[in-house]
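>>> can't give you the sequence, but here's the structure:
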């Protein structure tokens, strides 16, 4: 299993999670514990992953996606559940859901909401608590440009403080014409955080699907994550 968190919201967690699913072998289950900011049957992150990976040729198992809860307000899951008047998704519920999925899939990917310490319930439960209960590794998705170094270092430091393994970082959306900060960050992120940079997906990858998406995913993820990425230059 692998948990996917971000340094913030909007950094490309969903696209990276879809890329991991598209390049993995075997059956894959993607879990979005709490989807916020989505009304009714609107496309949430789980459905977006299904759209991107739909049509990917697989001979070793399907990709399935699921949510535990959906909230209309674009807030932290705890606040969104409170406003909806429903029970929040606790770390315990996430752990139980992952345990069920692990029993029937070769790989389980869990995509968090926002950053690592966003509260899921009114007791301060976080994605990190669920990952800790399962001793699961946590991949960190970060932006390409300004702010990436500090936010990534803080997230990795918190994972270390909790005794959780962080296999590395992935840049969720790298511009086709990166500015100076983006070029320097691609070199500096490993030194600042102490973990490797394991990929960089191109800006706009989330608009692709099927074979085209899988090709971009493979080109943007390192071999350790099932891809062929060999790094980025300055």
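Structure's in. What do you need? Here the structure is a predicted model, which means the values were calculated and not measured.

>>> average pLDDT across stretch 162-176?
Here stretch 162-176 scores 97 as its mean pLDDT.

>>> and the end-to-end length of that stretch?
In stretch 162-176, first residue to last residue: 36 Å (C-alpha to C-alpha, to the nearest Å).

>>> Can you give me the buried ones in that stretch?
By neighbour count on 16 or more other C-beta atoms under 10 Å, the buried set for stretch 162-176 is 164, 166, 167, 168, 169, 170, 171, 172, 173, 174. All C-beta atoms are positioned from the backbone trio N, CA, C, and that covers glycine.

>>> do the same with stretch 214-229
Neighbour count says stretch 214-229 has 214, 216, 217, 218, 219, 220, 221, 222, 225, 226, 227, 229 buried, by 16+ other C-beta under 10 Å.

>>> How about stretch 135-146?
Of the residues in stretch 135-146, 136, 138, 139, 140, 141, 142, 143, 144, 145 count as buried by neighbour count, 16+ other C-beta under 10 Å.

>>> quick one on the thing from earlier: out of the buried residues of stretch 214-229, which one sits closest to residue 95?
Residue 95 lies nearest to residue 225 out of these, by C-beta to C-beta, at 23.6 Å.

>>> Tell me the secondary structure at the residue lying closest to that closest one once chain neighbours are set aside.
Spatial nearest neighbour of residue 225, chain neighbours left out: residue 198 (5.4 Å); criterion: C-beta to C-beta, 6 or more residues apart in numbering. Following DSSP: H, G, I helix; E, B strand; the rest coil, we place residue 198 in the strand state.

>>> Residue 198: neighbouring residues, count only.
Residue 198 has 23 neighbours, counted by other C-beta atoms under 10 Å.

>>> what's the spacing between it and residue 68?
Going from residue 198 to residue 68 by C-beta to C-beta, to the nearest Å gives 27 Å.

>>> and if you look at residue 82?
Between residue 82 and residue 68 the computed distance is 16 Å (C-beta to C-beta).

>>> same deal with residue 184?
39 Å.

>>> pLDDT weak spots in the chain?
Scanning the chain for pLDDT under 70 picks out the ranges 59, 233-234.

>>> distance from the centroid: which residue in it tops it?
What lies farthest from the middle of the chain is residue 85; by C-alpha atoms, centre = their mean that is 27.1 Å.

>>> Columns distance to residue 190 and secondary structure on top of the buried residues of stretch 214-229, output as JSON lines?
Listed next are the buried residues of stretch 214-229 as JSON lines, based on distance: C-beta to C-beta, whole Å; DSSP: H, G, I helix; E, B strand; the rest coil:
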{"residue": "214", "distance to residue 190": "26", "secondary structure": "helix"}
{"residue": "216", "distance to residue 190": "23", "secondary structure": "helix"}
{"residue": "217", "distance to residue 190": "21", "secondary structure": "helix"}
{"residue": "218", "distance to residue 190": "21", "secondary structure": "helix"}
{"residue": "219", "distance to residue 190": "20", "secondary structure": "helix"}
{"residue": "220", "distance to residue 190": "17", "secondary structure": "helix"}
{"residue": "221", "distance to residue 190": "16", "secondary structure": "strand"}
{"residue": "222", "distance to residue 190": "12", "secondary structure": "coil"}
{"residue": "225", "distance to residue 190": "15", "secondary structure": "helix"}
{"residue": "226", "distance to residue 190": "20", "secondary structure": "coil"}
{"residue": "227", "distance to residue 190": "17", "secondary structure": "coil"}
{"residue": "229", "distance to residue 190": "14", "secondary structure": "coil"}
